Every structure is written in structure tokens, then in C-alpha cells.
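**Q** Output the structure for:
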Amino acid sequence: MKSLALLLALIIFIVISSAAVIEIEVKMKLDGKISFFSLERMNNIVKASTEFYNTGSVAYRARARLDILNGSGLIFSGWSKEKVLMPGERKTFEIYWYSPSKAKNLTARLRIYFGNEIKEVNKTLSIDYVKSSQDIFQIKNFRTYDGHIKFQIRASQSLKDVIVLPSDYMQGWIFEQAKLEELKANKNTEVTLSYEPTVWMPSEVTIHVFSLDGKFHTSKTFELKKEKGIWKYLHYLYDKLSLILNF
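**A** Predicted coordinates:
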């Protein structure tokens, strides 16, 4: 009996040790979903808000783009900052547009670029009224570097939630917007905006600075010409001194 028990135990051990290993495979899936897309209009300021949900199993970087179209004609493109989304994560993107005049039957086209994929949604939009705005901002000391631009903003009164928006730049380029939580009266504030060109070439960009209610607005067009040589360092020194001494 003991021999039989030992034999059975040996057979069971051999069966267990030689059993096939079951591998659990997690299938990689690249996907995402626009959870919501809303447009909020404040005078002639349009704020687009969207939430994007990583519904896949792959982490990626994502960026939102807002196009304003009049029929088939593109009249504005704006880009959000780029964000990282892990699987199952949701993040919100905001993009602003400053409309210079009334316009009806516009299309707001939102696209989310993620992991070399694109999701798109559209809404209709009209600008029914435009109030006049006050020019209280100075935009100065504009410099162009590899991958970003720098300049200073100075306001004649203190403000919160000021939007800095580039427009009228080379089609195909990516130019990020910025939201400043606070501007102090008569004090220089340095702003950095990132950009990604398709093929670099000298061109122009218009910088808009405005309050969220549209009451204050200033715009100025600059040449995109990279800083080079000794002037790059002299301008850098001058800009730092202007911030410290506030001139």
C-alpha cells in the first residue's frame, strides 16, 4: 500500500510539474474618447472646453486644436498645451478665440491629436454682438528662439485671468496659447509660448492679449526671426534687466 501511495504521489508530482504554463496576454489598444465639448461666448470671446478620455491601454500625449470655419474657409486655428494621458485618465483642454467682428453660421471644429490618431467633433457658432474694447496692454521685447517665443506684457491696471493668444501665423505650425492668472498694474510680466514649425522660415505672428470679458484687448504683429550671434545674449540681458528694474 505504501508503494502504491508513493507511486500515486510521484505521478501527481510529474503531472503538475509538466503542466502547460498559461500566459495572460494584455492586448495593447490605442484609443480615446471626447467626453464633452462646450462653447462659451463672452462678448466676442469664445472659450472652447473639452474633456478627453483615454479609453485604451496605451499612454500617450494629446493636444486639442480648435478651427473656426466660415463655410469651407478657415479663419482661425488655435492649439492647447500638450498633456500626457495614462490609460483610464481624463484631462480637460481649453482654447480661446477672439472674434474681431460679428459673424453668423460659423463652424467650430474640435480635433484631439493623440498617438498619431485624431478624434473630431463639430458645433455651430455665431457672434451676435461685439462690444468695443480698451487698449490697456503693452506687448514688447519680442524674441524668437528655437521652439518658443518670449515677450513682455505690461498693463495699466491690475487684472486676473488674462489670455495670450497667437494668430495669423504660418499654416501647419503649432502655437500654444497661455492664460495668465494675474497681471499687476504697470509691472512687466514675461510670457513664453511654445511653437512647433513644420519647416522653419521667417514669417509673422500676431499676439492678442485680452481679458475674459472682452473689455480689454490689445494686439500686435511681430516678425518671427530667430535671435542669433551676440545680439541673442545682449537682448537676453536687456530683457532680464527690464524685468528686474521694471522699465
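**Q** Contacts only, for the most centrally placed residue in the chain.
**A** Centroid check for the chain by CA atoms, centre = their mean gives residue 80 as the closest residue, at 1.5 Å. By CB atoms under 8 Å, 6 or more residues apart in numbering, the contact list for residue 80 reads 63, 64, 65, 93, 94, 95, 176, 177. Using the backbone N, CA and C atoms, a C-beta is placed for each residue, glycine as well.
**Q** 10 Å instead?
**A** Applying CB atoms under 10 Å, 6 or more residues apart in numbering to residue 80 gives the contacts 48, 50, 62-66, 91-96, 112-113, 174, 176-177.
**Q** Can you flag the buried ones in those?
**A** 48, 50, 62-66, 91, 93-96, 112-113, 174, 176-177 (16 or more other CB atoms under 10 Å).
**Q** Can you list which of the contacts of residue 80 are found in strands?
**A** Among the contacts of residue 80, DSSP state E puts 48, 50, 62-66, 91-96, 112-113, 174 in strands.
**Q** on that earlier part again, distance of the residue nearest to the centre of the chain from residue 64?
**A** Separation of residue 80 from residue 64 (CB to CB, to the nearest Å) stands at 4 Å.
**Q** Now do the shared contacts for those two.
**A** 48, 50, 91, 92, 93, 94, 95, 112, 113.
**Q** Could you verify my assumption that the fourth one touches residue 36?
**A** Going back to what we said before, that points to residue 92. Yes. Under the criterion of CB atoms under 10 Å, residue 92 makes contact with residue 36 at 9.2 Å.
**Q** what touches both of the two?
**A** 49, 50, 51, 52.
**Q** Enumerate every residue touching the closest residue to the second one other than its chain neighbours.
**A** Spatially, and ignoring its direct neighbours in sequence, residue 50 is nearest to residue 37 (4.6 Å; CB to CB, 6 or more residues apart in numbering). Residues near residue 37 by CB under 10 Å, 6+ apart: 48-52, 64, 66, 93, 108, 110, 112, 120-123.
**Q** Ok, residue 205 next?
**A** 142, 144, 149, 166-170, 173, 175, 193, 195, 220-224.
**Q** next one: residue 139
**A** 151-154, 164, 191, 206-209, 218-222.
**Q** pLDDT below threshold where in the protein?
**A** The model of the chain has pLDDT under 70 over residues 1-26.
**Q** could you pull out the helices for it?
**A** 2-17, 229-245 (DSSP state H).
**Q** didn't residue 59 look like it was pressed against residue 87?
**A** Yes. Residue 59 is within contact range of residue 87, at 6.3 Å (criterion: CB under 10 Å).
**Q** Next, format the shared contacts of residue 80 and residue 64 as TSV and append distance to residue 128.
**A** Putting the shared contacts of residue 80 and residue 64 into TSV (distance: CB to CB, whole Å) gives the following:
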residue	distance to residue 128
48	17
50	23
91	32
92	27
93	26
94	22
95	21
112	28
113	31
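**Q** Assess the claim that residue 33 and residue 55 are in contact.
**A** Yes. Between residue 33 and residue 55 there is a contact under CB under 10 Å: 5.0 Å.
**Q** shared neighbours of those two, which are they?
**A** residue 90.
**Q** how close does residue 196 get to residue 50?
**A** Distance from residue 196 to residue 50, by CB to CB: 20 Å.
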